[in-house]
Structure formats: C-alpha cells, structure tokens
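1. output the structure for:
(one chain, ligands or ions: 1)
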Amino acid sequence: MSETAKLTINRGTHGDSSRQETFEVPFEPGQSVLDGLRWIRVNRDPTLAFRYSCLNANACKECMMEVDGEVVYACLARLEPRDMSVAPLSNKPLVRDLVTEIAPPPERLSQKKR
Ligand code: FES
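-> Just a heads-up that it's a prediction; the model follows:
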C-alpha cells in the first residue's frame, strides 16, 4: 500500500483563514510541500490558492507559508507521510488561502498620483 501525506490547510479570504480542509496526497520520497500543494490543485481542488514562481530554487521567495507552525519556503520543506498543517503567514495580511501580501508597501504596484 502506498503512503500518503495528509495536509490540513487553512483556507479563507481577507483576514479569515479559519476554515480547514484536509487532503490526502500520494507520497513519494523527495517531494516538497509545494509539490503536494500542486498535486492537490491539479487533482482535487483547482481553487486552492498559493503563490510560487521558481519551484525549487529558493530564488523567488514567493512560497513562504507556515508548515506545522513554522515559517518555511514550501518548495524547500519536505513533504512527509504523516499529518501536516499548512497555513498562510500569520503576520501578513491574508489575500486568499495560502497567499499573503508579502511585498513591502513601497514595492507594491500603485496608481500614479496626478
Ligand atoms: S517557489 Fe521560489 S522560493 Fe519557493
């Protein structure tokens, strides 16, 4: 029998991420938490929101989230065949699900003042 990782994910929008959903993900050694989230989005729930760009290089720094209560890069955090909790950054404004506003205010796009 194949192993599974069970990811319980905090979901929601605009400051309320209190809804939790649990997904079982087929586990293969060497996978990252980001791999698990991408599997969920492709195979279970295309609405799951999370941000990433470089996939596994710790270069874009867009995949920051909390796994088991610790701030990690999801592309570097190892998926494990056990229950794991995944939540958005608790100290940043929530956009949706695992997406938080991580850009400092001066770097955000803004409208030109006229
Ligand atoms: S996806 Fe780029 S640092 Fe994780």
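2. neighbouring contacts of stretch 42-52?
-> Contacting residues not belonging to stretch 42-52 are listed as 9, 11, 21, 23, 34, 37, 40-41, 60, 62-63, 65, 74-75, 95-99 [Cβ atoms under 8 Å, 6 or more residues apart in numbering]. Using the backbone N, CA and C atoms, a C-beta is placed for each residue, glycine as well.
3. give me that answer again for 10 Å
-> For stretch 42-52, contacts defined as Cβ atoms under 10 Å, 6 or more residues apart in numbering pick out 9, 11, 13, 21, 23-26, 32-34, 37-38, 40-41, 60-65, 73-75, 86, 88, 95-100, 102.
4. buried sites along it?
-> Buried residues in stretch 42-52, counted by 16 or more other Cβ atoms under 10 Å: 48, 50, 51, 52.
5. could you redo those residues as a markdown table and give each row pLDDT and secondary structure?
-> Putting those into a markdown table (pLDDT from 0 to 100; DSSP: H, G, I helix; E, B strand; the rest coil) gives the following:
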| residue | pLDDT | secondary structure |
| --- | --- | --- |
| 48 | 98 | coil |
| 50 | 97 | coil |
| 51 | 95 | coil |
| 52 | 94 | coil |
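6. dump the residues you listed into TSV; add distance to the ligand as well.
-> Below are the buried residues of stretch 42-52 laid out as TSV (distance: Cβ to the nearest ligand atom, whole Å):
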residue	distance to the ligand
48	15
50	10
51	8
52	4
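7. beta-bridge partners for residue 4, please?
-> Note on residue 4: beta-bridge partners by DSSP bridges are residue 26.
8. wait, it touches residue 25, no?
-> Yes - taking Cβ atoms under 10 Å as the contact criterion, residue 4 and residue 25 are neighbours in contact, 6.2 Å apart.
9. returning to what we had before: just the buried ones from the contacts of stretch 42-52?
-> Listed as buried from the contacts of stretch 42-52 are 9, 11, 23, 25, 32-34, 37-38, 40, 62-65, 73-75, 86, 88, 95-100; burial here means 16+ other Cβ under 10 Å.
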